[in-house]
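Peer 1: Provided below for reference: sequence and predicted model.
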Amino acid sequence: MSPQERLSIVVPVLNEEGTLRKLIDEIRIALATAGIESYEIVLVDDGSSDNSWSLIKSLSEADPSVIGYRLRRNFGKATALALGAERATGSVLVTLDADLQDDPSEIPRFLSKLDEGFDLVSGWKQNRVDAFSKILASRVFNFTVRNVTGVKMQDFNSGFKAARREVYTRIPLHGELHRFIPVLASEAGYRVAEIPVVHRARVSGHSKYGAERFARGFLDLLTILAITRFGYRPGHLFGGLGLLAGVLGLGFILYLMFEWLFFGPIANRVLLPIGFLLIFSSIQFIVFGMLAEAMLLHVRPRSFSYLLGETTKSGFGSGKFASRR
């Protein structure tokens, strides 16, 4: 990060009145120690029910570098991060949680890693200070995401990240998709790295992580797979499902025909309606895939410049496109 660049610290807040003031103090100390003078701290209140918003207003009045935004209700962490990234003015964004479990003194390490040529750097809570049930659930989730998406990271749940601004302007964030920011960034062609970070015990408030969020995370994983693998070829997704259903249905019908020819009536066999249902579903999947491809032709942008990182020459048709770095 060059001295001319502005740094934005984006912090989603949900019922963290007990930690906010100390967090701001720690961020100020960390940036001052690193010699970073051009920065802003963007606090996004995600519908807190305690006095977090009153404290944010107080902090903002006392320090012009602190900017607060309040959502009308609790929309979720991904939405809070998306709003903070949209309103931030810095060319580099650092995100961290407001519960003080992330240590702001490690921000310079993230920036140094970005300077090595990466576009997004995520923190790995190597030694988590949490309840065993939460640690176990996180390990299961991380193992699943790592092997399903192919992005070889250890910790997808970490909110401690640093990224170039364009990363957040190019990837969708809603629902619980904040966990998959590295996956979405990697799929978009950005260089992603991970560094181990210190994880501290919670000193105030309570964890927002529960079984419901764990389940939603796996549902969002299906969304990510659809976005990253079939976003530009939905016909392959629905066509593949249609072919699979068709092959199974046809197999059941042929098997029943064999039984009918050699062993007698098959009217009461449950495989008969299942076979016809699968064949009918196969036709529907294939037609739906064709319609999805047709719709994509109309909504797909005519220019793909947003996918480009760099170009060797300016002007249309004047040179070959180069890779991002």
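Peer 2: It's in.

Peer 1: Look up how far Ala98 lies from Ile57.
Peer 2: Actually, residue 57 is Lys. It isn't Ile. 15 Å (C-beta to C-beta, to the nearest Å). In this view, the C-beta of every residue, glycine as well, is placed from N, C-alpha and C.

Peer 1: Compare the two (neighbour count), which wins?
Peer 2: More crowded of Lys57 and Ala98, by other C-beta atoms under 10 Å: Ala98, with 27 against 15.

Peer 1: tell me which residues in the helix or strand where Glu194 lies are buried?
Peer 2: In the assignment (DSSP states H and E), Glu194 maps to strand 192-197. Residues of strand 192-197 classed as buried by neighbour count (16 or more other C-beta atoms under 10 Å): 192-195, 197.

Peer 1: In TSV, list those along with pLDDT.
Peer 2: Shown next, in TSV, are these (pLDDT from 0 to 100):
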residue	pLDDT
Val192	95
Ala193	96
Glu194	96
Ile195	96
Val197	95
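
Peer 1: quick one: which of the residues you listed is nearest Phe141?
Peer 2: Nearest to Phe141 out of those is Glu194 (C-beta to C-beta; 15.7 Å).

Peer 1: Pull the contacting residues for that closest one.
Peer 2: 121-124, 153-155, 182 (C-beta atoms under 8 Å, 6 or more residues apart in numbering).

Peer 1: Now the two most distant members of the residues you listed.
Peer 2: Val121 and Gln154, at 13.3 Å, using C-beta to C-beta across the contacts of Glu194.

Peer 1: the more surrounded of these two?
Peer 2: Using other C-beta under 10 Å as the criterion, Val121 and Gln154 rank with Val121 on top: 23 against 15.

Peer 1: Where does the more buried one fall, secondary structure wise?
Peer 2: Using DSSP H and E, Val121 falls in strand 120-125.

Peer 1: Just give the nearest non-adjacent residue to Val145, would you?
Peer 2: Phe156 (5.0 Å; C-beta to C-beta, 6 or more residues apart in numbering).

Peer 1: nope, Ser105 is what I meant
Peer 2: That would be Ala30: by C-beta to C-beta, 6+ apart, it lies 4.6 Å from Ser105.

Peer 1: Checking that neighbour next. Helix, strand or coil?
Peer 2: helix (DSSP: H, G, I helix; E, B strand; the rest coil).

Peer 1: Please verify my assumption that it contacts Asp102.
Peer 2: No: the criterion here is C-beta atoms under 8 Å, and Ala30 misses it with Asp102 at 10.9 Å.

Peer 1: between those two, which one's more packed in?
Peer 2: Using other C-beta under 10 Å as the criterion, Ala30 and Asp102 rank with Asp102 on top: 26 against 17.

Peer 1: list the contacts for that one?
Peer 2: Per C-beta under 8 Å, 6+ apart, neighbours of Asp102: 96, 123, 159-160, 197, 199-200.

Peer 1: same thing but 10 Å
Peer 2: Shown in contact with Asp102 (C-beta atoms under 10 Å, 6 or more residues apart in numbering): 11, 23, 26, 94-96, 123, 125, 158-161, 197-200.

Peer 1: can you give me the strands in the protein?
Peer 2: 7-13, 39-45, 66-70, 92-95, 120-125, 161-164, 192-197, 310-311, 321-322 (DSSP state E).

Peer 1: mind showing which ranges of the chain have poor pLDDT?
Peer 2: Scanning the chain for pLDDT under 70 picks out 1, 3-4, 175, 205-218, 226-233, 235-236, 292-293, 295-325.

Peer 1: Quick one: the helices in it, in order.
Peer 2: 20-33, 52-62, 77-87, 107-114, 132-149, 165-170, 181-187, 211-230, 234-263, 271-299 (DSSP state H).

Peer 1: and which of the buried residues of strand 192-197 is nearest Gly18?
Peer 2: When the buried residues of strand 192-197 are compared against Gly18 (criterion: C-beta to C-beta), the nearest one is Val197, at 22.0 Å.

Peer 1: Distance check, that closest one against Gln154.
Peer 2: In terms of C-beta to C-beta, Val197 sits 11 Å off from Gln154.

Peer 1: Also Ile36?
Peer 2: 27 Å.

Peer 1: what's the answer for Leu120, then?
Peer 2: The value you get for Leu120 to Gln154, if C-beta to C-beta is used, is 15 Å.

Peer 1: that older thread, adding distance to Ile41 as columns, could you present the buried residues of strand 192-197 in CSV?
Peer 2: Formatted as CSV, the buried residues of strand 192-197 follow (distance: C-beta to C-beta, whole Å):
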residue, distance to Ile41
Val192, 25
Ala193, 24
Glu194, 24
Ile195, 22
Val197, 19
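
Peer 1: State the number of residues packed around the nearest residue in space to Tyr190 that is not next to it in sequence.
Peer 2: Distances taken as C-beta to C-beta, 6+ apart place Asp119 nearest to Tyr190, at 3.8 Å, with adjacent residues excluded. Residues within reach of Asp119, counting by other C-beta under 10 Å, total 22.

Peer 1: so what's Asp119 up against?
Peer 2: Counted by C-beta under 10 Å, 6+ apart, Asp119 has contacts 162-164, 166-167, 170, 185-186, 188-193, 309, 324-325.
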